[in-house]
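K.L.:
generate coordinates for the sequence data below:
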Amino acid sequence: MRERIIRSGDVELWTQAIGEPDAPALLLNAGDCQSSMDWPEDLVRLLADAGHLVLRYDYRDTGRSTHREFPPNPYDFGDLARDAVAVLDGWGIERAHSLGFGMGSAVSQLLALDHRERLTAITLLGSCAMDVDFFGNWERALTGEPTLDGLPTPERWFVELAFNPASVSEIEFYRRLSGDQLPFDESELQQRIDRVRAHAADEEPVEDHPHGQIRQDWTKRAADLAGITTPALVIEAPLDPIHPPPHARHLAESIPGARLTTIPGMGHYLAPAIHQPLTDAVTAHVGAGM
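P.N.:
Numbers count the residues shown, from 1 in each chain. So this is what the prediction gives:
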C-alpha cells in the first residue's frame, strides 16, 4: 500500500493505492459522508488480488483530507467529481474504472458526464438516476404522498432514523441497512468503525455533504444521462431501503447500453457476503469495457 497527499484546488486529499502499479486502475468513490476507510478491507484486498490497482481516497471533509466549515466554504458535486480527477492526476493515471457506492455513484455519474475521457467504465451501486427527486422523497416517505415519478420512496424507518440517528446505535443502524437475508458480521463492522475513527484522528466526521446543491442541480442533469458513452454496470440490491427496486433498473435504463445485475440478498451495506460477488461483477465489467 502506498499513500499520497494530492492537491485539488485549495484542498488536500489523502489517497492510497493498493495493487500492482501497472494494473488497470479502479477508483473507489465512497458513500455519503464516508472516508476511504469505510471501504471494507476484505473487499479492497479482493479487488486488488483480482488484478486492479485500487485507488481509494478521503473526500474533502472526511478522514485525513482537508476539513473546513460548510457552508462558509461551499462546494458542490461538480467539485467532488473534479477532486476524483485530481486523484487520478496525482497518481499519473490516464483512465480508470470508477466504482461508486451511494453518493459515490452520483460522483461516478458526473465523471461519466463531464470527464468521460478519464474513464474506462463505471459501476454504480446503491444509487438512483438523476431524474429522481431523492430528498423530496424523504419527505414523501413520512407523509405518504406519492412520488412524482412513480418510483418508491426510501423506507420510512430509514428516513426516521436519518433524522434522528441517536435513536439507535451505529451497529444497529447498519444492521437494518443490511437487511435480513445475508449474515451480519457485527465484529467486522466494529473493526471498520474503529478503523475509520483511528484514520480520522482528531477530525470530526462531516455531518452532511452538499445535499442542498443536489436539490438545486441534480435533476438539471437528468437528460444528460442519455448521452453517457462510458460502459456502465448498475448493480441492484434487492433489500436496499434507500433506493428500493426498481430504482436500479430505472438507472440502468437511463444510460444507453448499461447492464443491470443483481446481488441477491444485498441491502444498502457492503456486507462480507457480497464482497466476492461484487468483485466478480466489477472484474467482468472492467474486462468488457477495455
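K.L.:
tell me the contacts of residue 16?
P.N.:
1-4, 36, 55-57 (Cβ atoms under 8 Å, 6 or more residues apart in numbering). The way it works is simple: take the backbone N, C-alpha and C, and place the C-beta from them, glycine included.
K.L.:
now list the buried members of those residues.
P.N.:
36, 55-57 (16 or more other Cβ atoms under 10 Å).
K.L.:
pick the one among the contacts of residue 16 closest to residue 276.
P.N.:
residue 56 (18.7 Å; Cβ to Cβ).
K.L.:
of the buried ones among the contacts of residue 16, closest to residue 277?
P.N.:
Distances from residue 277 to the buried ones among the contacts of residue 16, taken by Cβ to Cβ, are shortest for residue 56, at 19.8 Å.
K.L.:
sheet-wise, list the partners of the host helix or strand of the closest one with their directions.
P.N.:
Element membership for residue 56, per DSSP states H and E: strand 53-57. Note on strand 53-57: by DSSP bridges, its sheet partners are strand 11-18 (antiparallel), strand 25-29 (parallel).
K.L.:
so after it, what's the next helix or strand?
P.N.:
Counting by DSSP H and E, what follows strand 53-57 is helix 77-90.
K.L.:
chain neighbours aside, what residue packs nearest to residue 97?
P.N.:
Residue nearest to residue 97 in three dimensions, not counting chain neighbours: residue 121, with 4.5 Å by Cβ to Cβ, 6 or more residues apart in numbering.
K.L.:
let me see the backbone angles for the one you found.
P.N.:
phi -170, psi 160 (degrees, to the nearest 10).
K.L.:
burial count for it?
P.N.:
If you count neighbours by other Cβ atoms under 10 Å, residue 121 ends up with 24.
K.L.:
does it touch residue 232 like I think?
P.N.:
Yes: counting by Cβ atoms under 8 Å, residue 232 is a contact partner of residue 121 at 7.2 Å.
K.L.:
flag the shaky bits of this protein, pLDDT-wise.
P.N.:
For the chain, the stretches flagged by pLDDT under 70 are 202-218, 288-290.
K.L.:
for it, which segments count as strands?
P.N.:
Along the chain, counting by DSSP state E, strands occupy 2-8, 11-18, 25-29, 53-57, 96-101, 119-125, 232-236, 259-262.
K.L.:
still on that earlier bit, the strand holding residue 56 vs strand 2-8, what angle?
P.N.:
In terms of direction (axes from the mean of the first three to the mean of the last three Cα atoms, to 10 degrees), strand 53-57 departs from strand 2-8 by 50 degrees.
K.L.:
by how many degrees do strand 53-57 and helix 77-90 diverge?
P.N.:
130 degrees.
K.L.:
renumber starting at 17 from here on
P.N.:
Got it, the first residue is 17 from now on, which makes the last one we talked about strand 69-73.
K.L.:
name the residues that touch strand 69-73?
P.N.:
22, 29-44, 46, 52, 55, 60, 63-64, 81, 99-100, 103-104, 107, 109, 112.
K.L.:
dump the residue contacts of residue 251.
P.N.:
Neighbours of residue 251 in contact, by Cβ under 8 Å, 6+ apart: 139-142, 264, 276-279, 282, 294, 297.
K.L.:
ok, now with 10 Å
P.N.:
By Cβ atoms under 10 Å, 6 or more residues apart in numbering, the contact set of residue 251 is 115, 117, 121, 139-143, 264, 268, 275-279, 282, 290, 293-294, 297-298, 301.
K.L.:
give me the buried entries from those.
P.N.:
Buried among those (16+ other Cβ under 10 Å): 115, 117, 121, 139-143, 264, 268, 275-279, 282, 290, 293-294, 297-298, 301.
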